[in-house]
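Trainee: heads up, no residue letters with this:
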């Protein structure tokens, strides 16, 4: 109990003793963890989007005119890879567009007529057949254009791959920066108390007893820094979701409490672990050197 | 706590011989003065006993501990049996007198109530209880010296090492410090004291070991010694 009180009291003393250094360290940790959190959010969103598009097994074929509908539908239904065919009239297409972006009336009033062509939406049995079926449909003389997710998904997948690597790089840089900054902060605390630590070790204090306040200081700095970064990150992400839902309503970013929980575990857990490791490295070396007889 | 040294030498880089071929036996409960010129090896010898230093050769046994074989993990528990009065006191300037003493007991995880009782007892014994709230710099040299002794004995050590405890104080204070050290010795604690003070050695008789150029040049059991006579 006495040890516990001492550790808490001493940790608070250390955190307030070099307030400027501690504050600057905290700011650095916040910045570092903000960068890590942002890169993680960006990466998981792009990955989710790529997956979502990739799992979309539909092909949309735009027809040249209304007369071609029956012959095209007939041929499509005979293709074995196709599981479903649905005709979308220009009126229905306009209605769907209006539901998505809410500007159908404006389009009509601007162009004087519905500019959308008739189309058919085809669902294929598996993702590997998307390219094959899309190319076959594209070759129909009645078909003006074919749109499907395959190409976009491929590009997004490669972007997600790059972003994952980018997030890893940010993560590594962040860890190294945090290590250096936090270790230096702990070293300053150790240096300012070297005399006291020396006397403590001479009178029989155990290395654990001496090092605990420093370890706790590292944990508090890492944990608090990560927690503050998480707070700013979650607020900024919520704001971004709000803005995007108005500006790009069809763009669905990941939004669930699990993401916040996942980020909490990753950032705060990482901050605490990093704080502990940095402090341990700095303190352990100092204490071993002080204890070791010459 | 008894102390044995066999063939102990200590050589500092580069080739500075601080101690050479020391053989020594100190009985449990003995009071021993270490005398000799500056640089004769007194402090090095005491630091070997406290395991701040390791010998370049030879064996040092303190109580049941063979200091050459002592692992770093055992060192704190070994040092808890030893009280040290440092030449430069090593008092912590940001702690009050009471806190400086309590700090030793807190460092070894003693409960608060017991710490308070011990601190009160030891500060009262050394006449510092009324000065307990003062910081070291607000105290006189003699008071600081007594505070350093209080810190060294608060844990009731089996061995007390005092390096020049009367070095910076007037004769009256030096005598009071010696009375305290002898009363601690009377309770069974082995006391090792390095000193230059001939008056003290003459007035408070005990075994005297004289060092010269890192060697024991005289070992007088509780007798009158002319300091540095043969050097």
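Mentor: In hand now; what should we look at? All figures in this text were calculated on a predicted structure; none of them were measured in a lab.
Trainee: which bits of chain A sit near chain B?
Mentor: A:1-3, A:5-6, A:195-196, A:198-207, A:209-210, A:288, A:291-294 (CB under 8 Å from any CB of the partner chain). For glycine as for every other residue, the C-beta is placed from the backbone atoms N, C-alpha and C.
Trainee: quick one, phi/psi of residue A:145?
Mentor: Dihedral angles of residue A:145 (phi, psi; degrees, to the nearest 10) stand at phi -160, psi 150.
Trainee: bridging across strands, which residues link to it?
Mentor: residue A:62 (DSSP bridges).
Trainee: so where is chain B shaky, pLDDT-wise?
Mentor: For chain B, residues meeting the criterion pLDDT under 70 lie at B:223-231.
Trainee: pick out the residue nearest the middle of it.
Mentor: Nearest residue to the geometric centre of chain B (CA atoms, centre = their mean): residue B:161, 1.5 Å.
Trainee: does that residue count as helix, strand or coil?
Mentor: strand (DSSP: H, G, I helix; E, B strand; the rest coil).
Trainee: so what's it up against?
Mentor: If you count contacts by CB atoms under 8 Å, 6 or more residues apart in numbering or on different chains, residue B:161 has them with B:46, B:49, B:50, B:82, B:83, B:84, B:85, B:152, B:192, B:193.
Trainee: want to throw these into JSON lines with neighbour count?
Mentor: Listed next are the contacts of residue B:161 as JSON lines, based on neighbours: other CB atoms under 10 Å in any protein chain shown:
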{"residue": "B:46", "neighbour count": "21"}
{"residue": "B:49", "neighbour count": "22"}
{"residue": "B:50", "neighbour count": "21"}
{"residue": "B:82", "neighbour count": "25"}
{"residue": "B:83", "neighbour count": "28"}
{"residue": "B:84", "neighbour count": "25"}
{"residue": "B:85", "neighbour count": "26"}
{"residue": "B:152", "neighbour count": "24"}
{"residue": "B:192", "neighbour count": "24"}
{"residue": "B:193", "neighbour count": "28"}
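Trainee: ok, and of these, which contact chain A?
Mentor: B:50, B:84.
Trainee: if you look at the contacts of residue B:161, which of them are in strands?
Mentor: Mapping the contacts of residue B:161 onto strands (DSSP state E) picks out B:82, B:83, B:84, B:85, B:192, B:193.
Trainee: out of the residues you listed, who's nearest chain A?
Mentor: residue B:84 (6.3 Å; CB to the nearest CB).
Trainee: is the closest one bridged to anything, and to what?
Mentor: Counting by DSSP bridges, residue B:84 forms beta bridges with residue B:161.
Trainee: I'd say it and residue B:152 touch.
Mentor: Yes. Using CB atoms under 8 Å, residue B:84 is in contact with residue B:152, at 5.6 Å.
Trainee: overlap in contacts, these two.
Mentor: By CB under 8 Å, 6+ apart, the residues touching both residue B:84 and residue B:152 are B:160, B:161, B:162.
Trainee: redo those residues as TSV? Include distance to residue B:177.
Mentor: Listed next are those as TSV, based on distance: CB to CB, whole Å:
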residue	distance to residue B:177
B:160	12
B:161	14
B:162	9
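Trainee: quick one: list the elements packing against the helix or strand encompassing residue A:218.
Mentor: Taking DSSP states H and E as the criterion, residue A:218 maps to helix A:207-247. Of the remaining helices and strands, those touching helix A:207-247 by 3 or more CB pairs under 8 Å, 6 or more residues apart in numbering or on different chains; DSSP states H and E are helix A:2-17, helix A:19-54, helix A:150-192, helix A:194-202, helix A:257-291.
Trainee: the second one versus helix A:2-17: what angle between them?
Mentor: To tie it back to what came earlier, the one meant is helix A:19-54. Put simply, helix A:19-54 runs at 90 degrees to helix A:2-17, going by axes from the mean of the first three to the mean of the last three CA atoms, to 10 degrees.
Trainee: return the set of buried residues in helix A:19-54.
Mentor: A:22, A:25-26, A:28-47, A:49-50, A:53-54 (16 or more other CB atoms under 10 Å in any protein chain shown).
Trainee: and chain B, which residues reach chain A?
Mentor: Residues of chain B lying near chain A (CB under 8 Å from any CB): B:50-54, B:72, B:75-80, B:84, B:90, B:92, B:103-104, B:106-112, B:115, B:151, B:155.
Trainee: from those residues, which land in helices?
Mentor: If you go by DSSP state H, the residues of chain B next to chain A have B:75, B:76, B:77, B:78, B:79, B:103, B:104, B:106, B:107, B:112, B:115, B:151 in helices.
Trainee: buried sites along stretch A:237-245?
Mentor: So stretch A:237-245, judged by 16+ other CB under 10 Å, has buried residues residue A:237.
Trainee: cool, stretch A:162-181 as well?
Mentor: Within stretch A:162-181, judged by 16+ other CB under 10 Å, the buried ones are A:163, A:164, A:167, A:170, A:171, A:174, A:175, A:178, A:181.
Trainee: what's the spacing between the third one and residue A:36?
Mentor: Here residue A:167 is placed at a distance of 8 Å from residue A:36 (CB to CB, to the nearest Å).
Trainee: again with the first one
Mentor: Using CB to CB, one gets 13 Å for the distance from residue A:163 to residue A:36.
Trainee: so what are the domain limits for chain B?
Mentor: Chain B breaks down into these domains under automatic domain parsing: B:1-81+B:157-221, B:90-156.
Trainee: reformat the ones you listed as CSV; add distance to residue A:95.
Mentor: CSV is the format used below for the domains of chain B (distance: least, CB to CB, whole Å):
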stretch, distance to residue A:95
domain B:1-81+B:157-221, 78
domain B:90-156, 77
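Trainee: of all these, which one is nearest residue A:115?
Mentor: Each of the domains of chain B has some distance to residue A:115 by CB to CB; the shortest is domain B:90-156, at 80.9 Å.
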